[in-house]
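K.L.:
missing the sequence, but the structure's below:
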């Protein structure tokens with residue numbers, strides 16, 4: 001009886017959140033090692049299906065995990081790095097596009113549809129919603145460093161996304177964008193998710209990865225911070241507490257907030273049903289970032 005009572009209390013606790021977020025857009029970015037763990041990814045997608053069934057309007061933006069590196073290795077390509085960023089030539093872009101659009105995006109869309117929800121894959125091989133311009137890094141003396149076919153999102157077709165969510169369909173966005181000339185550019189999935197959340201003025205952006213949110217000491221899980229403001233994030237970037245792979249995640253959250261999103265979250269998708277725990281409980285499990 002106790003277990004049944006616990007379930008009932010959980011449902012009652014979730015009710016206020018279900019009411020609060022009904023008809024609200026929630027952008028979920030899925031990436032990191034979660035993409036390589038079918039069980040963890042399936043749990044996250046099941047949470048997203050639940051969100052859709054109770055009246056939320058989820059939008060998925062996904063990366064590629066190790067699948068792109070594995071595909072490159074099988075093709076005999078060695079990744080080249082420039083200032084910590086992958087150089088993307090035409091062959092690398094073709095492999096990334098195939099993995100992201102034909103494999104990962106298709107898996108996500110098929111999984112959602114198998115649960116009885118509508119979903120649409122949006123990417124460079126179908127309907128594109130991300131538009132970008134080529135990115136250059138700054139070198140010594142102001143010299144521009146070419147990263148190949150890598151871009152930054154300049155525009156999002158939020159009108160199409162709004163039409164889809166209003167039609168009760170879940171958009172699933174792979175992060176190969178188009179430039180103004182119709183060419184293709186690989187864009188960072190975190191950055192793309194921030195741009196999508198800002199363009200749609202989403203209620204929330206939730207970055208699902210393989211990190212337990214933000215910690216004051218990266219090696220100590222007990223130092224996870226539940227809530228941070230943008231000003232506190234800026235301080236943690238300046239003192240080096242936030243660095244490397246966490247930087248694009250917090251930058252995406254800040255872009256979403258400045259674009260009109262109310263709250264952003266960074267959570268660990270390896271925890272079973274992490275999305276449900278973050279959205280439908282008081283405690284949450286990751287780090288919430290607010291203005």
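P.N.:
Yep, it's here. Small disclaimer: the values here were computed from a predicted structure and weren't measured.

K.L.:
drop to CA atoms for contacts and neighbour counts, all remaining ones
P.N.:
Will do.

K.L.:
dump the residue contacts of residue 276.
P.N.:
Each residue near residue 276 by C-alpha atoms under 8 Å, 6 or more residues apart in numbering is listed here: residue 47.

K.L.:
Now do the SS call for it.
P.N.:
helix (DSSP: H, G, I helix; E, B strand; the rest coil).

K.L.:
where's it relative to residue 130, distance?
P.N.:
28 Å (C-alpha to C-alpha, to the nearest Å).

K.L.:
swap in residue 51?
P.N.:
Residue 51 is 24 Å from residue 130, by C-alpha to C-alpha.

K.L.:
before we move on, what about residue 33?
P.N.:
Residue 33 is 24 Å from residue 130, by C-alpha to C-alpha.

K.L.:
Who has more neighbours out of the two?
P.N.:
Set residue 33 next to residue 130 and count neighbours by other C-alpha atoms under 10 Å: residue 130 wins out with 27 against 20.

K.L.:
show me where pLDDT drops low in the protein?
P.N.:
1-2, 84, 283 (pLDDT under 70).

K.L.:
ok, which stretches of it are helices?
P.N.:
2-20, 38-53, 67-74, 90-97, 106-114, 158-166, 189-200, 230-238, 246-259, 274-280 (DSSP state H).

K.L.:
Can you say which of those is packed in most?
P.N.:
helix 189-200 (a mean of 27; mean count of other C-alpha atoms under 10 Å).

K.L.:
can I get the helices of the chain in CSV with distance to residue 210?
P.N.:
Below are the helices of the chain laid out as CSV (distance: least, C-alpha to C-alpha, whole Å):
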stretch, distance to residue 210
helix 2-20, 25
helix 38-53, 10
helix 67-74, 16
helix 90-97, 21
helix 106-114, 18
helix 158-166, 27
helix 189-200, 13
helix 230-238, 19
helix 246-259, 11
helix 274-280, 11
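
K.L.:
Ok, which of those comes nearest residue 141?
P.N.:
Closest of the helices of the chain to residue 141 is helix 230-238, at 23.3 Å (criterion: C-alpha to C-alpha).

K.L.:
List the contacts of the closest one.
P.N.:
With C-alpha under 8 Å, 6+ apart as the criterion, helix 230-238 contacts 242-243, 247, 250, 254, 289-291.

K.L.:
what about 7 Å?
P.N.:
Residues from elsewhere that reach helix 230-238 (C-alpha atoms under 7 Å, 6 or more residues apart in numbering): 242-243, 254, 289-291.

K.L.:
Which members of those are classed as buried?
P.N.:
242, 254, 289-290 (16 or more other C-alpha atoms under 10 Å).

K.L.:
Rebuild the contacts of helix 230-238 as JSON lines, extending it with distance to residue 56.
P.N.:
Shown next, in JSON lines, are the contacts of helix 230-238 (distance: C-alpha to C-alpha, whole Å):
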{"residue": "242", "distance to residue 56": "31"}
{"residue": "243", "distance to residue 56": "33"}
{"residue": "254", "distance to residue 56": "22"}
{"residue": "289", "distance to residue 56": "21"}
{"residue": "290", "distance to residue 56": "21"}
{"residue": "291", "distance to residue 56": "23"}
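
K.L.:
Looking at these, which one is closest to residue 221?
P.N.:
For the contacts of helix 230-238, the nearest to residue 221 is residue 242 (14.6 Å; C-alpha to C-alpha).
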